[in-house]
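>>> build me a model from this:
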Amino acid sequence: MNNAQATEEPVSEKLDRAKIIPVFIIILIDLLGLTIIIPLMSLYAASFGANPSTIGLLGAVYPAAQVVGAPFLGRLSDRYGRKPILIISQLGTLTGFLLLGFAGSIWILFLSRLLDGLSGANIATAQAVISDSTTEKTRTQGLGLIGAAFGMGFVVGPVISFIALSVSKNNFHVPAFIAAGFSAISILLTIFMLKETLPPESRVRLGSRSELSLSLLLRTIKKPMVGFLLGLIFVQQLAFGGFQQLLSLFTLNKLGLSASGNAIIFVFVGIVVVAVQGYFIGKWSRRFGEARLIRFGLVMLMAGLVLTAFTPRIPPPWYSRSELETQLTAERNLPGETPPTQDIQIPLPPEDRKGLLGIVWILIAMVPAAIGGGVLQPSLNSLLTQNVSALEIGGTLGISAALLSAANAFAPSLGGVLFVEVNPSAPYIFGSLILVIIFPFSARGL
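Predicted coordinates:
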């Protein structure tokens, strides 16, 4: 019976991997650059003497800039095609990584993230490419492959970061230059391997400036279901964005994990995300549908945030406070440059209580958090593209990316304040409360 059903399954319900694999490879290489620097960005800033509030603002710069850049570039991709806009975005990312590598002060870190954010439509444009290449039945699985690329990036990128830091004796410049190298490779792959998925006859004409303005956002939000989904995308990312961007700071404070230790955490998260978005999400979306999958993701993310918040402050047996302080305040040497050593302003755990409970606890908490985050974005974006016309997919996904970025900008800024003024667990308690509030609305609205 099952064989007969499989034989009769329409071709449109099967993902055409031949069309998806090239963009998957390009985004994976591109994301390797990002995932190399994510585990160490908070610690990089801390090594310049930044406090948690400043580190929160640094985390907010990139997504805040994306709020401006992503919808604009997304709409331009509807007019000029996906490939040229993706290349422009990747060039901005490359320049940002190079600035990061040459950074001699905290302000250069801010500048590098600002530039990368303004040109950062990589993911939104890649989502548009996949939407062009899939049907409604296969879109969630196709978009899930971008998440799988994220997951694989979080497996490989932090390993590269760990090796680079070990070989360079914790020189934060080295991983940044390696990230720039991967970004350059992704540009070459886009130029020579990616085929344009939006033919000229299918492109939209931008008749006036209003096509690229706030009026487009307002018209899109007013559409049935679309406004609700965009609102849900923004609110759930308030919780998840703070979780992602403050995790390295949180584990530094609670467990005394260095950049290398945080890289291992991100590898573990990446393995879970690859399993969810590379394999399970396609099966789950076909069996349960996007609406039920979204509600499941909200519950899992909520559980992960609560567990993370209650992580015991027990550093692992190999923790040495003096060694960690040395790593974070050591001078970083480049030709002609020696940045000044400054005191670290993040409270580190004492050495009087060590054990495996803290590290085991945080790894367990990462499982539901990674599953929740892994299913939410592709499911929400898939449902979103099913409620707009083909001509509006690029612009709508650009708006989705902008709202994600707005949430990612607000979450670490608020989280940094909560971290300092309340306690390090407060950002995660706040995120879980947001999810508790929005869950009943998601149950009624989907």
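>>> ok, Leu265 touching Leu255?
Actually, residue 265 is Ile rather than Leu. No. Using CB atoms under 8 Å, Ile265 makes no contact with Leu255, being 9.2 Å away. In this view, the C-beta of every residue, glycine as well, is placed from N, C-alpha and C.
>>> shared neighbours of those two, anything?
Listed contacts common to Ile265 and Leu255 are Ile362; contacts here mean CB atoms under 8 Å, 6 or more residues apart in numbering.
>>> burial count for Val273?
Number of residues near Val273 (other CB atoms under 10 Å) recorded here: 26.
>>> excluding covalently adjacent residues, which one is nearest to it?
Spatial nearest neighbour of Val273, chain neighbours left out: Gly151 (3.1 Å); criterion: CB to CB, 6 or more residues apart in numbering.
>>> before we move on, what about Ser425?
Closest residue in space to Ser425, ignoring its immediate chain neighbours: Ala309 at 4.2 Å, by CB to CB, 6+ apart.
>>> same question for Thr251.
Computed as CB to CB, 6+ apart, the closest residue to Thr251 that is not its neighbour in sequence is Leu257, at 4.3 Å.
>>> what residues are up against that neighbour?
Applying CB under 8 Å, 6+ apart, we find Leu257 in contact with Ser248, Thr251, Ile265, Pro315, Pro316.
>>> secondary structure of it: a helix, I assume?
No. Read with DSSP: H, G, I helix; E, B strand; the rest coil, Leu257 is coil and lies in no helix.
>>> give me phi/psi at it?
phi -80, psi 130 (degrees, to the nearest 10).
>>> for the stretch 1-150 of the chain, just list every one of the helices.
For the stretch 1-150 of the chain, the helices defined by DSSP state H, counting those that start in this stretch occupy 2-8, 17-47, 52-80, 82-102, 106-118, 122-132, 139-167.
>>> so which of the ones you listed is the most packed in?
Most buried of the helices of the stretch 1-150 of the chain, by mean neighbour count (mean count of other CB atoms under 10 Å): helix 122-132, with a mean of 28.
>>> the residue nearest to Ser425 reaches Phe430, doesn't it?
No. Counting by CB under 8 Å, Ala309 does not reach Phe430; the two are 9.2 Å apart.
>>> residues near Trp421, how many?
Heads up, residue 421 is Glu, not Trp. Residues within reach of Glu421, counting by other CB under 10 Å, total 10.
>>> before we move on, what about Thr251?
Count around Thr251 with other CB under 10 Å applied: 24.
>>> so it touches Gly261, yeah?
Yes. Thr251 lies in contact with Gly261 (CB under 8 Å); the separation is 7.2 Å.
>>> which neighbours do the two share?
In contact with both Thr251 and Gly261: no residue, using CB under 8 Å, 6+ apart.
>>> which stretches in the stretch 301-446 of the chain count as strands?
Under the criterion DSSP state E, counting those that start in this stretch, the stretch 301-446 of the chain carries no strands.
>>> pLDDT below threshold where in it?
Within the stretch 301-446 of the chain, the stretches with pLDDT under 70 are 329-345, 390-391, 394-395, 445-446.
>>> please report the distance of Leu145 from Ile55.
From Leu145 across to Ile55, the span is 32 Å (CB to CB, to the nearest Å).
>>> ditto for Ile36
18 Å.
>>> same thing with Pro175?
17 Å.
>>> with Ala180 instead?
To Ile55, Ala180 is 22 Å away according to CB to CB.
>>> tell me the pLDDT at Ile123?
With respect to pLDDT, Ile123 has a value of 72.
>>> cool, and Phe288?
Value for Phe288, per-residue pLDDT: 84.
>>> so who does it touch?
Residues in contact with Phe288, defined by CB under 8 Å, 6+ apart, are Phe296.
>>> so it belongs to a helix, correct?
Yes. Assessed with three-state DSSP, Phe288 lies in a helix.
>>> neighbours around Val422, how many?
Neighbours of Val422 (other CB under 10 Å): 12.
>>> Asn381: neighbour count?
Counted with other CB under 10 Å, residues neighbouring Asn381 total 28.
>>> test my guess that it contacts Ile146.
No. Between Asn381 and Ile146 there is no contact, the gap being 9.2 Å when judged by CB under 8 Å.
>>> mind listing the shared neighbours of these two?
With CB under 8 Å, 6+ apart, Asn381 and Ile146 have common neighbours Gln127.
>>> for Ala303, which non-adjacent residue is closest in space?
With CB to CB, 6+ apart as the criterion, Ala303 has its nearest non-adjacent residue at 4.3 Å, and that residue is Pro368.
>>> also Val155?
That would be Gly270: by CB to CB, 6+ apart, it lies 3.8 Å from Val155.
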